[in-house]
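**Q** pasting a predicted model and its sequence here:
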Amino acid sequence: MRLSARTELAGVVGSPVRHSLSPVLHNAAYEALGLDWAYLAFEVAPGDLGAAVRGATALGLRGLSVTTPHKDEAAALADHRSPAVRRLGAANTLTFSGGGTAADSTDGAGLLADLSESLGFDPAGSRCAVIGAGGAARAVVLALAEAGAAEVLVVNRTPLRAFRAASLAPGVGRMAKPDELDAADLVVQATPSGMLGADRQEQAWPAGVDPSRLGSGQIVVDLVYDPAETAFLRQAARFGAVTRNGLGMLVHQAALQVALWTGEHPPLRAMWAAVSR
Ligand code: NAP
């Protein structure tokens, strides 16, 4: 990649952000597309997003990916919000143009694109369950409901938050108990508990869910991708479930951002190759 006076800039804002794989994904995409674009990671302290966005706008950045802890503030400060952002009150994508700052959420669509591409899974008419009720879980609940899931169960440590997340899926969403997951076609583990050490994960399965009760005929996803196989996924696979980690969701949510900002068809093969390296 050669930077020039014409190079267009995009990036990711978060705190912490130095571990992010987004620069690898986006820069691989620009290179494969032959674009004179570059993408950097910006450590932005909590409370500083407004200043960062004003600076990005003044400098003519094309877009920003937004990660923890700025997703709610990104939605609040945008001039235009997608329907998903309005429902979620959170955004992972900001696009800058003459018409102001636009906020989008590509996380939920990213997961569904990965499940479709890798497993041919279509949520329409299926029974789905989400463990967790934070930002990622809420994006997944909304995306599943909008894709026509017949049922979206939400299991979470804090029941009130499960109730609120389930309300993003009117008519099909409801708070559920861990032992109701056995009947789901798709189970999405959307808590960070897989990032704990393996022995600690097994002592405290998220929200009391025992993955050995999951198994044959079920797809089980853990949104964590580091480690590549959490203890939760390993256990579910041992009992016959088809498993998938969160790397595909990461790749596809970035691909949707590339499409939004550049107007080009995202080069998924190049993005997968870069992130696999
Ligand atoms: P978040 O907003 O902080 O929400 C975390 C959720 O997990 C909450 O519902 C919390 O329960 C629950 N939780 C946390 N620790 C738990 C534990 N030890 N046992 C049981 N429940 C626990 O986080 P988030 O932004 O949604 O992210 C969740 C995970 O998804 C993270 O690991 C993140 O890295 C991953 N993620 C992956 C992608 C991807 O592209 N693959 C995208 C986004 C996020 P309470 O409500 O009871 O507090």
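**A** Noted; the coordinates are in hand. Numbering: from 1, shown residues only.
**Q** with adjacent residues omitted, what lies nearest to Pro267?
**A** Of all residues not flanking Pro267 in the chain, Ala32 sits nearest, at 3.8 Å (CB to CB, 6 or more residues apart in numbering). Yep, even glycine has a C-beta here, placed from its N, CA and C like the rest.
**Q** tell me which element the one you found is part of?
**A** helix 22-33 (DSSP states H and E).
**Q** repeat that for Glu117.
**A** helix 107-119.
**Q** quick one: buried residues of that helix?
**A** Applying a neighbour-count criterion of 16 or more other CB atoms under 10 Å, the buried positions in helix 107-119 are Asp107, Gly108, Ala109, Gly110, Leu111, Leu112, Ala113, Asp114, Leu115.
**Q** wait, isn't the third one in contact with Leu256?
**A** The reference is to Ala109. Yes: if you go by CB atoms under 8 Å, Ala109 and Leu256 touch, sitting 6.0 Å apart.
**Q** low-confidence ranges, this protein, go.
**A** 1, 198, 201-204 (pLDDT under 70).
**Q** quick one: contacts for the residue nearest to the spatial centre of the chain?
**A** Taking CA atoms, centre = their mean as the criterion, Asp107 is the residue nearest the geometric centre of the chain, at 3.3 Å. The contact partners of Asp107, by CB atoms under 8 Å, 6 or more residues apart in numbering, come to Asn92, Gly135, Ala136, Ala139, Val140, Ala143, Met249, Gln253.
**Q** what strands line up against the helix or strand just after the helix holding Glu117, and which way round?
**A** The helix or strand immediately downstream of helix 107-119 is strand 127-131, counting by DSSP H and E. Next to strand 127-131 in the sheet, as set by DSSP bridges, lie strand 151-155 (parallel), strand 186-189 (parallel).
**Q** show me what the shortest one is in contact with.
**A** Here strand 186-189 makes contact (CB under 8 Å, 6+ apart) with 111, 115, 121, 123, 126-132, 137, 140, 144, 181, 206, 209, 214, 218-224, 230, 232-233, 236, 241.
**Q** which strands and helices sit next to the helix holding Ala32?
**A** For helix 22-33, the elements it packs on are strand 8-14, strand 37-43, helix 247-262, helix 268-276, judged by 3 or more CB pairs under 8 Å, 6 or more residues apart in numbering; DSSP states H and E.
**Q** pick out the residue in the stretch 1-150 of the chain sitting closest to the ligand.
**A** The stretch 1-150 of the chain approaches the ligand most closely through Gly134 (1.8 Å), counting by CB to the nearest ligand atom.
**Q** number of residues surrounding that residue?
**A** For Gly134, the neighbour count with other CB atoms under 10 Å is 17.
**Q** kindly report the same for Asp79.
**A** 11.
**Q** for it, which non-adjacent residue is closest in space?
**A** Distances taken as CB to CB, 6+ apart place Gly100 nearest to Asp79, at 3.2 Å, with adjacent residues excluded.
**Q** cool, and Met195?
**A** Take Met195 and drop its neighbours on the chain: the residue closest to it by CB to CB, 6+ apart is Val224, 5.6 Å away.
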